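Trainee: missing the sequence, but the structure's below:
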């Protein structure tokens, strides 16, 4: 076991601060680039606020925009956006990997085991392979998506614009970024299942996470997958199925959403809605046209998000499973939390509660501020705040002022950087014995 002296050599390195500075620097660079006149189709600078908002949205893979991407930004500006959400999405994997590379010789044995276990690695030396496979896998999926989308986009837009739109949409879908070049947020393709299913496949694969890919590549068979990978894949499928069935049933006759579509289009659009609530943010119909009960269900899906170490955000699906298992144990009066015959460490349960409650409180605070600033109904403000913190980018179309947009900027940054910082802090925090133990007390609960 390594001594504390070796750990102290890297105490000046703070992983949460590094993550914040990385994304912050990327946002500043993106803003400065988007400010340049050649980045706009008009040849004039887009202005500071529009450039900043777009850079934050792209870096945090949110997809919330103040101006249509196709008409506002020139090809050079669109390239900047693509690079921002590509680096912003892969930044999760790179941050985890950098952490391992910096600390692999300084962490005590127990911390090495914790990190390797949490990231799905059999040993701490597997980080190099993880980075190589992660980057190669991302490029492979995005390349395949580009070729598949080109079969539809090239005939529609021509070779140049069609290939560029295919690449842009493929990277955007895989990164769960939600930016599009169609001007209609893909609503023009509601009758084209090929385009929609390619987008959905890329979104789901990106949302599963780099660690699940590595485990699948290693195991090849379902029974050989780690418990985490099996839980992540199964929970993702269940959530997508539940969302699909709910939106299909609830919005079937709603003229503002699915009502005007054919039966086949309704089935595909409902599934598309379920998939894209996992932080991707593409849409086939106005979100403000849904019934309020459906909007409430959207809030739940946006909070959950994707899987750990993925291009998606949110509290993550396995976190929700841990909370559900903890709730079930509490209802039965049991102290230990068990999932699939395995005991979940108490620290993992505490981390899950801390992360989820922090996100819920941030959404509540942000929505209250937005509702106060706009002086309107609370549900639209809650939807906008949740979509921002969950980096989903969907909107019910509520008119918002500059101050409310500023709140959404902060929520987008917190949703991307804050969740990552929480994860890094949980992995690297040293859990020693408490030096002071206070006497127990009796409190009434419930």
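Mentor: Thanks, I have the structure now. A quick note: this is a predicted structure, and the numbers were derived from the prediction, not measured.
Trainee: Could you list the low-confidence segments of the protein?
Mentor: Applying pLDDT under 70 to the chain flags residues 1-16, 18, 91-131, 184, 419-435, 442, 444-446.
Trainee: can you pull out the strands in it?
Mentor: For the chain, applying DSSP state E gives strands covering 337-339, 342-344.
Trainee: from the ones you listed, which stretch is densest packed?
Mentor: strand 337-339 (a mean of 17; mean count of other Cβ atoms under 10 Å). Every residue, glycine included, has its C-beta placed from N, CA and C.
Trainee: so what does it touch, helix or strand wise?
Mentor: Judged by 3 or more Cβ pairs under 8 Å, 6 or more residues apart in numbering; DSSP states H and E, the packing partners of strand 337-339 are helix 317-331, strand 342-344.
Trainee: Excluding chain neighbours, give the residue nearest to residue 41 in space.
Mentor: Spatial nearest neighbour of residue 41, chain neighbours left out: residue 74 (5.0 Å); criterion: Cβ to Cβ, 6 or more residues apart in numbering.
Trainee: Go ahead and confirm the one you found touches residue 37.
Mentor: No: using Cβ atoms under 8 Å, residue 74 makes no contact with residue 37, being 9.4 Å away.
Trainee: quick revisit: quick one: closest of the strands of the chain to residue 319.
Mentor: The closest of the strands of the chain to residue 319 is strand 342-344. By Cβ to Cβ, the value is 11.2 Å.
Trainee: any idea how far that closest one is from the chain center?
Mentor: Here strand 342-344 is found 26 Å from its chain centre; the criterion is Cα atoms, centre = their mean, to the nearest Å.
Trainee: Adjacent strands (with direction) for that strand?
Mentor: Strand 342-344 has the following strand partners under DSSP bridges: strand 337-339 (antiparallel).
Trainee: Other residues contacting the strand it pairs with?
Mentor: Here strand 337-339 makes contact (Cβ atoms under 8 Å, 6 or more residues apart in numbering) with 227, 231, 321-322, 325-326, 329, 343-344, 346, 349.
Trainee: Give me the number of neighbouring residues for residue 55.
Mentor: Using other Cβ atoms under 10 Å, residue 55 has 25 other residues around it.
Trainee: which non-adjacent residue is nearest it?
Mentor: residue 30 (3.5 Å).
Trainee: Tell me the spacing between the one you found and residue 83.
Mentor: Distance, residue 30 to residue 83, by Cβ to Cβ, to the nearest Å: 8 Å.
Trainee: more crowded one of these two?
Mentor: residue 30 (25 against 17).
Trainee: quick one: residue 207 from residue 396, how far?
Mentor: Per Cβ to Cβ, residue 207 is found 23 Å from residue 396.
Trainee: Quick check on those two: which one has the bigger neighbour count.
Mentor: Taking other Cβ under 10 Å, residue 207 and residue 396 do not tie; residue 207 has more neighbours (27 against 20).
Trainee: Contacts only, for the residue lying closest to the more buried one once chain neighbours are set aside.
Mentor: The shortest distance from residue 207 to any non-neighbouring residue, by Cβ to Cβ, 6+ apart, is to residue 306 (3.4 Å). By Cβ under 8 Å, 6+ apart, residue 306 lies in contact with 176, 206-209, 236, 278-279, 312-314, 316-317.
Trainee: Then residue 174?
Mentor: Residues counted as contacts of residue 174 (Cβ under 8 Å, 6+ apart) are 89, 138, 141-142, 145, 202-203, 205-206, 311.
Trainee: and if you look at residue 82?
Mentor: Contacts of residue 82 (Cβ under 8 Å, 6+ apart): 167-168, 171-172.
Trainee: Present the residues you listed as a markdown table; the columns should include distance to residue 265 and neighbour count.
Mentor: What follows is the contacts of residue 82, written out as a markdown table (distance: Cβ to Cβ, whole Å; neighbours: other Cβ atoms under 10 Å):
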| residue | distance to residue 265 | neighbour count |
| --- | --- | --- |
| 167 | 27 | 20 |
| 168 | 24 | 25 |
| 171 | 26 | 26 |
| 172 | 22 | 32 |
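Trainee: Just the closest of those to residue 283, please.
Mentor: residue 172 (13.2 Å).
Trainee: returning to what we had before: could you dump the strands of the chain to a markdown table with distance to residue 47?
Mentor: Shown next, in a markdown table, are the strands of the chain (distance: least, Cβ to Cβ, whole Å):
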| stretch | distance to residue 47 |
| --- | --- |
| strand 337-339 | 50 |
| strand 342-344 | 49 |
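Trainee: Longest helix in this protein, by number of residues?
Mentor: Longest helix in the chain by number of residues (criterion: DSSP state H): helix 127-157.
Trainee: how about that one: buried residues?
Mentor: Residues of helix 127-157 classed as buried by neighbour count (16 or more other Cβ atoms under 10 Å): 127, 130-131, 133-134, 137-138, 141-142, 144-146, 148-150, 152-154, 157.
Trainee: For that helix, enumerate the helices and strands it packs against.
Mentor: helix 75-103, helix 159-174, helix 193-208, helix 210-219.
Trainee: and the last one, which residues are buried?
Mentor: Across helix 210-219, burial judged by 16+ other Cβ under 10 Å covers 210-216, 218.
Trainee: That one packs against which elements?
Mentor: Using 3+ Cβ pairs under 8 Å, 6+ apart, helix 210-219 is in contact with helix 127-157, helix 227-250.
Trainee: Compare these and give me the one nearest residue 183.
Mentor: With Cβ to Cβ, the closest approach to residue 183 among those belongs to helix 127-157: 11.5 Å.
Trainee: what angle separates that closest one from helix 159-174?
Mentor: Calculated by axes from the mean of the first three to the mean of the last three Cα atoms, to 10 degrees, helix 127-157 forms an angle of 140 degrees with helix 159-174.
Trainee: how distant is helix 127-157 from the center of its chain?
Mentor: From the chain centre to the centre of helix 127-157 is a distance of 18 Å (Cα atoms, centre = their mean).
Trainee: And stretch 275-290, by the same measure?
Mentor: In terms of Cα atoms, centre = their mean, the centre of stretch 275-290 is set 14 Å apart from its chain centre.
Trainee: for residue 246, what are its contacts?
Mentor: Shown in contact with residue 246 (Cβ under 8 Å, 6+ apart): 274, 294, 297.
Trainee: Recalculate using a threshold of 7 Å.
Mentor: Applying Cβ atoms under 7 Å, 6 or more residues apart in numbering, one finds that residue 246 lies in contact with residue 297.
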